[in-house]
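K.L.:
could you work out the structure for the sequence below:
(one chain, ligands or ions: 2)
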Amino acid sequence: MNFRKNITLFLSLFFLLGTGGTFAQSNSPISIIPKPQHLTSQNGQFTLNADTKIHVPAKNEELKSIADKLAQSIKTATGVQPQVVLKDPKKKAKNVIQLSLTTTPDTLGKEGYTLEVTPDQIILAANQPNGLFIGTQSIKQLLPPQSTKAPVIIPAVRIADKPRYEWRGMHLDVTRHFMPVEFVKQYIDYLAMHKLNTFHWHLTDDQGWRIEIKKHPKLTEIGAWRDSTLIGHYWDLPQTYDDKRHGGFYTQEQVKEVVKYAQERYITVVPEIEMPGHALAALATYPELACTAGPFKVEGKWGIFNDIFCAGNEQTFAFLEDVLVEVIALFPSEYIHIGGDEAPKTRWKECPKCQKRIAEEGLKDEHELQSYFVQRMEKFLNSKGRQIIGWDEILEGGLAPNATVMSWRGEKGGIEAAKQNHYVVMTPGNYVYFDHYQGDRALEPVTIHGANPLSRVYSYNPTPAELSKEEQKYILGAQANVWTEYIPNTKHVEYMAFPRISALSEVLWTPLHLKDWEDFKTRMQQQYQRYDAMGINYAKSAFQVKQQLQVVPERKAAKVTFTTDAAGTDMYYTLDGSEPTANSQKYTGPFELTKAAVIKAGSFKGGQLVGQATTKVFDAHKAFNRKVTLAKEPHRSFSPGTAALVNGIHGTTDHYDGHWLGYLKDDLEAVIDLEQVHSVSKISSSYVQHIGYRVFLPTQVEYAVSEDGKNFKTVKVISNTGKEEGIMRKTVAAEFPATKARYVKVTARNVGIAPAQYPVGGRETWLLVDELSVE
Ligand code: ACM
Ligand code: ZN
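P.N.:
Ligands and ions are numbered 1, 2, ... in the order given. Coordinates of the predicted model:
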């Protein structure tokens, strides 16, 4: 026997002993997301092979359909498709996956399940088919994360599981950018995989009407199409447009298909028909439903528009009832979303019909008119056996008697509604808006604004502590919203939704006391492999190295700490601005910088950079950590302390990042004391601009120097032409012949009042300054 044969014999023996006779792919640690309520690992394992069968009780087509889907998933994962056999569960059966309904325990609710994996059987049981379907999602996560060839090993385990919340949702805006029906179904599959049960389909808005209404076919002939679309960010001024026709809609047949597809996955589709605002696509079709004559166009720009449905016109209600009659026939959902957000009252204030309605109905103002509008629609929907849900603006002017509130402007509206004993779905922007940034802005595709990284989503608790136990019962759950102004295609939707959907699933499913960020990150390692196997375009932003720089004044140094939202990687970095590699310096813990540096850091797996490297500048200039005196106190909203102006750390284009010091309407005048006379030849100061938030670059910056702090000599005056209008950080630098100076004065002039050409025209402006640098 030669050496080679010996090895082969040894390996065969090893596999024989190790796996009960066949070579089997072993799964890594059990890694279910969302984390189950009870999970205990057992000894042994089930080997899934070509002979494995799925048993479901005879005469139950619904369970058979669940079993068929499981068999199909197993085929994708392992190459073998278990035969589905209609057969009542048997204790002695071997090599079977058994699905059955049970009343013991009877505490699982509609969506709970138990799962027991033994060497002979996988037994999945639930009180309701919903629970069985959800349980199959756990079985799928016990398979190896990347597809392989059967046989595969499934570790023995016992799970008893049910959700924390009954409303576990994801929303998709198909109006700002149309998404094909095939993708909508795929999105529903994504929800199912994460044990979510509600799909909120945002079907109408200013930029498109996306659902066929048989009685009003013009809605989709005209309202589903726009001529052009804004390019780049809304505040990338001046605004420019493409001239491409964009649009699309779902036929009623397609809607039925989607609803059926969702039903088969135990997901409720909640349609949203926006009213009274976000209505331009409808008004472009039927201008007579507006307060003024129009004409209106299907919008190519994002935002809030003054032209909304007229609340004084009976035709408006007749039209909306026509629409809702067809919507109800298509969607079995108990809830119909009627929008209600962002409806300016500008037109209603001027409209004789609206004012007549206010007078006749004895309403106090236009907010009460909106409440009248919503209550009227509620009455109509209630009469058809449905409930309304609307954005939290429906609280203004008085909540309709049976309305459920979707709290999006933070949790305030949700809390108020719960205190009024109304049901609530939490969707606060600052936790679960998936159209917000999830990583470093400098590296991410443009988004509307905000920052909701994976860790922030994970940290969300939808039940506010300030509600009493009784009031907390009104919190049905939560959902994440995916608005698509800046999400032009399906791959981009995946990028924004993944992996944050995993964090959301655990927020909504897992009992609070079992939530554990470190453990979640560990389990995400397999989830990323599943996403890879499915070809999902998930964001790698969680792998970005978050660099925290903290000034150590006594050593004129900065302490640098790295973290990421991903486990199982090594971090490498450079200090000279070059791209890090696996041969660069390895991060082993916080370190100190005593010299200026451009830090570039990345997460590495298997020697490869995952995602992109982040950059941070430590700018140890002559003014570093010197005393700064301001002529005026900064505004309390932008008041990080004068030390922030000379801490060597630069503010970013996110003007809320805590680095920016600022004034409303007032100018900046700052004097830096260098403590002794230096030779100075360069002074710079940096500003941020975001015109949408009334943050403007200064109109003029003046630099002056002094040896005694009394007599200042101007060394440079730099005027800003005001031509730059985009979102930017700008350093205004002056170089001049070396001059002796102990004191450096920086004066920057605020625009004061926003120029009339901007939507913020006429309002007071911010001047925000960050680093003052001297060389
Ligand atoms: C919303 O984000 N306007 C509900
Ligand atoms: Zn009107």
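K.L.:
the nearest residue to residue 584 once chain neighbours are set aside: which element?
P.N.:
Of all residues not flanking residue 584 in the chain, residue 572 sits nearest, at 4.2 Å (CB to CB, 6 or more residues apart in numbering). No exception for glycine: its C-beta is placed from N, CA and C like everyone else's. Secondary structure assignment for residue 572, by DSSP states H and E: strand 570-574.
K.L.:
just checking, next helix/strand downstream of that strand?
P.N.:
Per DSSP H and E, the first helix or strand lying C-terminal to strand 570-574 is strand 585-586.
K.L.:
what is that following strand packed up against?
P.N.:
strand 570-574 (3 or more CB pairs under 8 Å, 6 or more residues apart in numbering; DSSP states H and E).
K.L.:
give me the residues contacting the strand it packs on.
P.N.:
545, 562, 564, 580-587, 599-605 (CB atoms under 8 Å, 6 or more residues apart in numbering).
K.L.:
that strand: partners in the sheet, and parallel or antiparallel?
P.N.:
If you go by DSSP bridges, strand 570-574 pairs up with strand 585-586 (antiparallel), strand 597-605 (antiparallel).
K.L.:
so which of these is nearest residue 362?
P.N.:
Closest approach to residue 362 among the strands paired with strand 570-574 is made by strand 597-605 (62.8 Å; CB to CB).
K.L.:
show me which positions of that closest one end up buried.
P.N.:
Of all the residues in strand 597-605, those buried under the rule 16 or more other CB atoms under 10 Å are 597, 599, 600, 601, 602, 603, 604.
K.L.:
chain center to it: distance?
P.N.:
Centroid separation for strand 597-605 versus its chain: 25 Å, with CA atoms, centre = their mean, to the nearest Å.
K.L.:
so which residues make contact with the helix or strand following that strand?
P.N.:
As assigned by DSSP H and E, the chain's next helix or strand after strand 597-605 is strand 608-618. Applying CB under 8 Å, 6+ apart, the external contacts of strand 608-618 come out as 439-440, 442-443, 539-541, 543-547, 549, 558, 560, 566, 569, 577, 579-582, 593, 596-604, 648-650.
K.L.:
the very next helix or strand once past strand 608-618 pairs with which strands, parallel or anti?
P.N.:
Sequence-wise, the next helix or strand downstream of strand 608-618 (DSSP H and E) is strand 627-630. Strand pairing for strand 627-630, using DSSP bridges, gives strand 668-689 (antiparallel).
K.L.:
mind giving me the packing neighbours of the helix or strand just after the strand it pairs with?
P.N.:
The helix or strand immediately downstream of strand 668-689 is strand 700-706, counting by DSSP H and E. Packing partners of strand 700-706 (3+ CB pairs under 8 Å, 6+ apart): strand 668-689, strand 713-719, strand 728-749.
K.L.:
list the contacts of residue 520.
P.N.:
Applying CB under 8 Å, 6+ apart, the residues near residue 520 are 33, 35, 458, 502, 503, 506.
K.L.:
err, residue 411, not the other one
P.N.:
With contact set as CB under 8 Å, 6+ apart, residue 411 has these partners: 426, 428, 464.
K.L.:
among these, who's most crowded?
P.N.:
residue 426 (30 neighbours; other CB atoms under 10 Å).
K.L.:
quick revisit: and the buried residues of strand 597-605, which is closest to residue 198?
P.N.:
After measuring those against residue 198 - CB to CB - the closest member comes out as residue 603, at 33.6 Å.
K.L.:
report pLDDT for that closest one.
P.N.:
Note on residue 603: pLDDT of 98.
K.L.:
from ligand 1, how far out is it?
P.N.:
32 Å (CB to the nearest ligand atom, to the nearest Å).
K.L.:
show me the beta-bridge partners of that residue.
P.N.:
Going by DSSP bridges, residue 603 is paired in beta bridges with residue 571, residue 610.
K.L.:
pLDDT of stretch 670-677, averaged?
P.N.:
Mean predicted confidence for stretch 670-677 is 97.
K.L.:
other residues contacting it?
P.N.:
Outside stretch 670-677, the residues that touch it by CB under 8 Å, 6+ apart are 622-623, 626-631, 642, 645-646, 680, 707, 709, 740-746, 769, 772, 774.
K.L.:
any idea how far residue 725 is from residue 753?
P.N.:
Counting by CB to CB, to the nearest Å, the gap from residue 753 to residue 725 is 16 Å.
K.L.:
got it, and residue 217?
P.N.:
As judged by CB to CB, residue 217 and residue 725 stand 42 Å apart.
K.L.:
look up which residues are beta-bridged to residue 100.
P.N.:
Beta-bridge partners of residue 100, as defined by DSSP bridges: residue 125.
K.L.:
that one touches residue 89, doesn't it?
P.N.:
Yes - the criterion here is CB atoms under 8 Å, and residue 100 meets it with residue 89 at 5.0 Å.
K.L.:
now do the shared contacts for the two.
P.N.:
Taking CB under 8 Å, 6+ apart as the criterion, residue 100 and residue 89 both touch 57, 123.
K.L.:
for ligand 1, give me its nearest residue in the stretch 551-700 of the chain.
P.N.:
Distance from ligand 1 to each residue of the stretch 551-700 of the chain (CB to the nearest ligand atom) is smallest for residue 692, at 15.6 Å.
K.L.:
report how many residues lie close to that residue.
P.N.:
Counted with other CB under 10 Å, residue 692 comes out at 15.
K.L.:
tell me which residues are up against whichever strand or helix holds residue 374.
P.N.:
Assigned by DSSP H and E, residue 374 falls within helix 366-383. With CB under 8 Å, 6+ apart as the test, helix 366-383 has contacts from 275-276, 309, 311, 317, 320-321, 324, 328, 336, 338, 340, 343, 345, 348-349, 354, 357-358, 361, 363, 387-388, 390, 393-394, 396-403.
K.L.:
which members of those are positioned in helices?
P.N.:
317, 320, 321, 324, 328, 348, 349, 354, 357, 358, 361 (DSSP state H).
K.L.:
counting neighbours, which of the residues you listed comes out on top?
P.N.:
Using other CB under 10 Å as the neighbour criterion, residue 348 leads the ones in helices among the contacts of helix 366-383 with 27 neighbours.
K.L.:
tell me who's in contact with the nearest residue to that residue once chain neighbours are set aside.
P.N.:
Closest residue in space to residue 348, ignoring its immediate chain neighbours: residue 354 at 4.2 Å, by CB to CB, 6+ apart. With contact taken as CB under 8 Å, 6+ apart, residue 354 is in contact with 291, 310, 311, 312, 347, 348, 366, 369.
K.L.:
also residue 734?
P.N.:
Neighbouring residues of residue 734 by CB under 8 Å, 6+ apart: 682, 683, 684, 701, 703, 715, 716, 718.
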